[in-house]
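Q: Need a 3D model of the following:
(chains A, B, C and D)
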Protein chains: 2
Amino acid sequence: MKWSELSDNWCPVARTLSVVGDRWTLLILRDCYLGKSKFEEFAESSGMTRHILAERLKRLVEEGVLERRLYSAAPKRYDYVLTEKGEELRPALRIMKDWGKKHMPVRREAKA
Amino acid sequence: MKWSELSDNWCPVARTLSVVGDRWTLLILRDCYLGKSKFEEFAESSGMTRHILAERLKRLVEEGVLERRLYSAAPKRYDYVLTEKGEELRPALRIMKDWGKKHMPVRREAKA
DNA sequence: CCCATAAAGTTTTGTTTTGGAACTTATTAC
DNA sequence: GTAATAAGTTCCAAAACAAAACTTTATGGG
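A: Got it, this is the predicted structure:
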């Protein structure tokens, strides 16, 4: 079975993961919770490639987790803000933050 | 940057995701929380291929989230049970379950 | 003994996704 | 008119994934 077929799974956890359960996606949400909203901010903060970032943002917008917002008319610039639906995943990230602090110590320094 | 380099990120969320933030992994934990422990149970329940399942289980054991346990001496059979570290992610899955129920309605029937 | 079944993987082959880097477009500031 | 900025897009090679068959070890039935 392909991962992309999870969206109609009987299990609500699986359906949730069909939106946020792949590489990088939850890191975009982390940045949103930290107040970031711009493409360049996500790219730099997360370390993911622009290629993947663009694809993930598109999907998060399609799924109603983020909203694409025109923040500058000329030149035309868009950024991404959390919807209420997106906000409601924040507690899950909070748990992952605490879990990481407790169980995943940093072994050596990294840049990003 | 590669996803596999997240494990030493400054951000605890990123470090957590370096263990559970890829395709399928959290679905294995869901099955564990539902009481499943055997390779065949995970394979059937989640719909992932045996190939990927084997790789994910190995990593979860390496990271101390699951424990590989001999449950039959002859023939030698192993299953996988949650450690305390693994148990402590359960609240995150609970939030994802509620979120899926609320925000991700099933559009058509699926088997798995 | 011989064959089928069971469980936990491993291997193989082909397709899809990801990573890295360069390129595009529109507009402002110098 | 030239460089800088921001938000992408495009290209190619490398890595991950999907599907299916195969392996190993042992049990139970005829």
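Q: okay, now the residue lying closest to residue A:90 once chain neighbours are set aside: neighbour count?
A: Spatial nearest neighbour of residue A:90, excluding adjacent residues (C-beta to C-beta, 6 or more residues apart in numbering or on different chains): residue A:33 at 5.6 Å. All C-beta atoms are positioned from the backbone trio N, CA, C, and that covers glycine. Look at residue A:33: counted by other C-beta atoms under 10 Å in any protein chain shown, it has 16 neighbours.
Q: Would you list the phi and psi of residue A:33?
A: phi -70, psi -20 (degrees, to the nearest 10).
Q: Quick one, grab the pLDDT at it.
A: Per-residue pLDDT puts residue A:33 at 98.
Q: what's near enough to touch it?
A: A:82, A:90, A:93 (C-beta atoms under 8 Å, 6 or more residues apart in numbering or on different chains).
Q: Buried ones from those, can you make that a PyMOL selection?
A: Selecting only the buried members of the contacts of residue A:33 in PyMOL, with burial defined as 16 or more other C-beta atoms under 10 Å in any protein chain shown, works like this:
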select buried, chain A and resi 82+93
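Q: same for DNA strand D: which of the contacts of residue A:33 are within range?
A: Near DNA strand D, judged by C-beta under 7 Å from any atom of the strand, there are no entries from the contacts of residue A:33.
Q: Of the contacts of residue A:33, which is the nearest to DNA strand C?
A: residue A:93 (19.2 Å; C-beta to the nearest atom of the strand).
Q: Isn't that closest one up against residue B:12?
A: No. Taking C-beta atoms under 8 Å as the definition, residue A:93 is not a contact partner of residue B:12, at 10.1 Å.
Q: Show me which residues of chain A sit near DNA strand C.
A: A:4, A:22-24, A:48-52, A:55, A:74-76.
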